[in-house]
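Asker: I would like to see how this sequence folds:
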Amino acid sequence: MSQPFRQGQHYCSRLWDGVSITLREERLEIGCPGKLRTLSNAIHTGGLAEADVIVNWKVPLHYSGTDPARDTSDQLRQWGYKPEHTIGLLTAAKLTHASVAELEGDCFKLLCLTTAGTRNAARAGLPRETFSAYSAGTINTVLLVDGQMTDSAMTNAIITYAEAKAAALADLRLMDPETSRIATGTTTDAVVVGVSGNPAYQAVHAYAGAATTIGNAIGRLVYETVHEACRTQHES
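Answerer: The predicted model follows:
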């Protein structure tokens with residue numbers, strides 16, 4: 001684990017040649033050497049897509065745009081990205097406190113990045129006040145996989161991500177102020193799973209649950225980065 005942007009502005013993957021993360025004004029830019037197949041709930045280019053850049057845009061705490069997808073698309077164009085091949089996320093968290101972890105395993109390499117703002121921490125599964133509008137303050141996680149995965153396995157990876165995130169918040173005892181119970185996330189969490197499809201790996205991962213080699217690795221890195229980003233978010 002590390003928080004490379006507390007002292008620097010650029011991080012190069014130590015395992016995956018060509019993958020880099022750069023802290024720029026108001027955003028973290030994650031660049032990949034080729035197109036990734038992505039599955040996400042990103043506000044821009046969500047669902048199944050192809051992308052070679054992922055941008056985590058820091059918006060003001062008071063941001064309350066009525067059309068965040070359009071706002072994100074417009075901002076990406078202003079920065080010079082190709083919106084059709086860029087995943088766009090929004091956050092109110094400190095970008096400098098992003099946590100990054102990497103691991104090489106059984107026919108895969110994995111990089112995980114998490115930013116965390118928990119002002120709107122919430123526990124799923126209980127009645128609560130709900131809103132139609134977007135509100136800032138979120139846990140964003142980007143999982144990049146150099147390897148081959150089926151779409152089903154990518155979906156499985158999101159389940160594992162959610163379980164590991166909730167476990168980290170439970171161990172931190174992060175509370176949902178509305179229900180006075182331990183939070184399982186925030187009301188606006190986002191996750192991106194990006195897979196290279198690299199044919200050099202002679203295996204296609206069909207599952208990504210906690211007992212598979214790739215799922216166990218995903219769970220561990222998500223837990224570590226969520227725990228670190230949340231634990232340190234109020235530090236200078």
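
Asker: please report how far the residue nearest the centre of the chain lies from L111.
Answerer: In the chain, the residue lying closest to the centroid (C-alpha atoms, centre = their mean) is T141, at 1.4 Å. Distance of T141 to L111, computed by C-beta to C-beta, to the nearest Å: 11 Å. Every C-beta, even on glycine, is put in place using the N, C-alpha and C of the backbone.

Asker: repeat that for T118.
Answerer: Distance of T118 to L111, given as C-beta to C-beta: 23 Å.

Asker: just I182 next, same as before
Answerer: Computed as C-beta to C-beta, the I182 to L111 distance reads 28 Å.

Asker: higher neighbour count, those two?
Answerer: L111 (24 against 16; other C-beta atoms under 10 Å).

Asker: give the contact list for the more buried one.
Answerer: For L111, the contact set (C-beta atoms under 8 Å, 6 or more residues apart in numbering) comprises 13, 15-16, 19, 100-102, 142-144.

Asker: max pairwise distance over those: which two?
Answerer: Farthest apart among those by C-beta to C-beta are L15 and V142. That separation is 15.1 Å.

Asker: of these two, which one has the most company?
Answerer: Ranked by neighbour count (other C-beta under 10 Å), L15 and V142 place V142 first, with 27 against 12.

Asker: from the contact counts, what lies against the worst-scoring helix or strand of the chain on mean pLDDT?
Answerer: Between all helices and strands in the chain, the lowest mean by mean pLDDT, DSSP states H and E belongs to strand 121-122, at a mean of 89. With contacts defined as 3 or more C-beta pairs under 8 Å, 6 or more residues apart in numbering; DSSP states H and E, strand 121-122 has these neighbours: strand 175-176, strand 185-186.

Asker: neighbouring strands - and their directions - for the next helix-or-strand element following it?
Answerer: Where DSSP states H and E defines the elements, the next helix or strand beyond strand 121-122 is strand 139-146. Here strand 139-146 is paired, per DSSP bridges, with strand 108-116 (antiparallel), strand 190-195 (parallel).

Asker: out of those strands, which one sits most buried?
Answerer: Most buried of the strands paired with strand 139-146 by mean neighbour count (mean count of other C-beta atoms under 10 Å) is strand 108-116; its value is a mean of 26.

Asker: quick one: average pLDDT of that strand?
Answerer: Across strand 108-116, the average pLDDT comes to 98.

Asker: and the longest strand that the chain contains, what other elements does it pack with?
Answerer: Secondary structure assigned by DSSP state E gives strand 27-40 as the longest strand of the chain. Contacting strand 27-40 under the criterion 3+ C-beta pairs under 8 Å, 6+ apart are the following elements: strand 20-24, strand 47-58, strand 108-116, strand 139-146, helix 151-172, strand 190-195.

Asker: and it, which strands flank it?
Answerer: strand 20-24 (antiparallel), strand 47-58 (antiparallel), strand 190-195 (antiparallel).

Asker: so for that strand, mean pLDDT?
Answerer: On average, strand 27-40 scores 98.

Asker: helix/strand/coil for the residue with the largest distance to the centre of the chain?
Answerer: Using C-alpha atoms, centre = their mean, the residue of the chain lying farthest from its centre is Q202. It sits 27.0 Å away. Classification of Q202 by DSSP: H, G, I helix; E, B strand; the rest coil places it in coil.

Asker: can you give me the separation between it and D106?
Answerer: 11 Å.

Asker: now do E129
Answerer: 44 Å.

Asker: then H205?
Answerer: Counting by C-beta to C-beta, the gap from H205 to D106 is 9 Å.

Asker: and stretch 92-101, how far apart are its ends?
Answerer: End-to-end distance for stretch 92-101, by C-alpha to C-alpha, to the nearest Å: 21 Å.
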